[in-house]
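Colleague: Let's see this in three dimensions:
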Amino acid sequence: MRFDLTDLRLFLSILETGSITHGAAQANLSLPSASARIRGMEETVGLPLLERGRRGVESTPAGDTLAHHARLVLRQVEQMQGELGEHATGVKAHIRLWANTVALTEFLPDVLGAFLAERPLVSVNIKERLSAETVKAVSGGLADVGIVSDAVAHGALQTFPFATDRLVLAVPRAHPLAAQRRIAFQEVVRHDFIGLSEGSPMQAHVDAQALLAGQALSFRARMRTFDGVCRMVAHGVGFGIVPERAAQRFRGTPGIRAIRFTDAWATRQLLLCVRQLDALPLPARELVRHLSAGAGKRGAAAA
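Modeller: Numbers count the residues shown, from 1 in each chain. Below you'll find the model as predicted:
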């Protein structure tokens with residue numbers, strides 16, 4: 001029974017995305033090629049490995065066994081490559097980092113920039129994803145390092161502190177609510193909002209909280225960045241929900257005021273997560289240590 005590493009990565013990608021089509025794209029394979037590989041694997045095993053369920057493609061009991069061993073094999077290969085790489089010079093290292101929206105836009109640029117500036121042979125492939133998706137990616141070996149909210153269960157992953165993420169309500173300074181220092185999300189959920197672009201993990205998080213509050217948010221416009229949201233709010237177009245760090249950049253703007261939420265979900269701890277720190281290649285281990293080093297100060301200005 002022989003499977004190559006591409007087979008194993010493809011199979012895990014399909015399970016992670018719940019779709020052969022999306023799994024093939026994530027594994028950089030065409031759909032016909034991916035389908036042929038899955039058929040070949042099933043023929044080799046003599047049992048079906050996948051079946052279609054209510055939530056998409058799911059693994060059979062035999063598929064669960066394959067997935068377990070695929071993760072072990074790929075982790076061992078990564079560890080071997082990392083340890084061999086430590087003996088090489090002039091070899092470029094690639095780190096796969098998945099992070100949520102706030103970590104990516106508000107915290108990573110400066111701290112990651114400092115890390116990469118000192119390591120010209122290291123590159124980081126960053127993907128913006130929901131925390132739950134990042135946990136699955138790190139667990140399944142699709143990402144080396146993740147940055148997630150502490151509100152999401154991380155299972156057996158190792159975690160390290162990264163930053164404090166506080167979301168606030170941005171309102172026009174002339175609005176009657178601007179005089180308040182704290183407010184419950186329930187009190188404003190029916191107002192018009194300026195949101196982030198569709199598909200934004202951050203916006204998906206806020207939308208989910210709105211539904212829990214019993215009301216889907218109404219958007220007058222959507223912007224690609226937090227700064228864009230704040231600028232629209234300053235013109236009195238609607239409310240915005242942004243990280244407090246983003247709102248602070250507009251502290252001197254005459255048309256905006258940031259109000260903290262009383263809701264617990266609006267303040268989160270951001271965590272770095274890895275499968276096993278000691279098993280990561282040296283550059284990835286150094287990145288985790290670098291990102292966690294200033295965790296106590298990161299977000300402290302907004303406290």
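Colleague: What are the buried residues along stretch 232-241?
Modeller: Within stretch 232-241, the residues that count as buried by 16 or more other CB atoms under 10 Å are Met232, Val233, Ala234, Val237, Gly238, Phe239, Gly240, Ile241. From N, CA and C alone the C-beta is placed, and that goes for glycine too.
Colleague: which one of those sits closest to Leu112?
Modeller: Nearest to Leu112 among the buried residues of stretch 232-241 is Ile241, at 24.7 Å by CB to CB.
Colleague: quick one, strands of the stretch 1-150 of the chain?
Modeller: Secondary structure of the stretch 1-150 of the chain by DSSP state E, counting those that start in this stretch: the strands cover 50-53, 56-59, 93-99, 122-128, 145-149.
Colleague: looking at these, which is buried most?
Modeller: strand 145-149 (a mean of 27; mean count of other CB atoms under 10 Å).
Colleague: so that one versus strand 122-128, what angle?
Modeller: Computed by axes from the mean of the first three to the mean of the last three CA atoms, to 10 degrees, the angle separating strand 145-149 from strand 122-128 equals 30 degrees.
Colleague: what about strand 145-149, average pLDDT?
Modeller: Averaged over strand 145-149, pLDDT sits at 94.
Colleague: Can you list the strands that the longest strand seen in the chain pairs with?
Modeller: Using DSSP state E to define each element, the chain has its longest strand at strand 158-172. Paired neighbours of strand 158-172 in the sheet (DSSP bridges): strand 240-243 (antiparallel), strand 256-261 (antiparallel), strand 267-274 (antiparallel).
Colleague: Please render the ones you listed as CSV that adds distance to Ala284 to the earlier fields.
Modeller: Conversion of these to CSV gives the following (distance: least, CB to CB, whole Å):
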stretch, distance to Ala284
strand 240-243, 26
strand 256-261, 35
strand 267-274, 8
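Colleague: returning to what we had before: what two of the buried residues of stretch 232-241 are the furthest from one another?
Modeller: Once CB to CB is applied, the buried residues of stretch 232-241 give Ala234 and Ile241 as the farthest pair, at 15.0 Å.
Colleague: Deepest-packed of the strands paired with strand 158-172, please.
Modeller: The most buried one of these (mean count of other CB under 10 Å) is strand 240-243, showing a mean of 27.
Colleague: Can I get that one in CSV? Just the C-alpha atoms.
Modeller: Provided in CSV are the C-alpha atoms of strand 240-243 (Å, rounded to 0.1, in the frame of the first residue of the first chain):
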residue,chain,number,x,y,z
GLY,A,240,-18.8,51.0,12.8
ILE,A,241,-17.3,48.2,14.9
VAL,A,242,-13.5,48.3,14.8
PRO,A,243,-10.5,47.4,17.0
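Colleague: Stretch 240-248: end-to-end distance?
Modeller: 13 Å (CA to CA, to the nearest Å).
Colleague: okay, the angle between the lowest-mean-pLDDT helix or strand in the chain and strand 93-99?
Modeller: Least confident helix or strand, the chain: helix 61-85 with a mean of 81, by mean pLDDT, DSSP states H and E. Put simply, helix 61-85 runs at 130 degrees to strand 93-99, going by the same axes, to 10 degrees.
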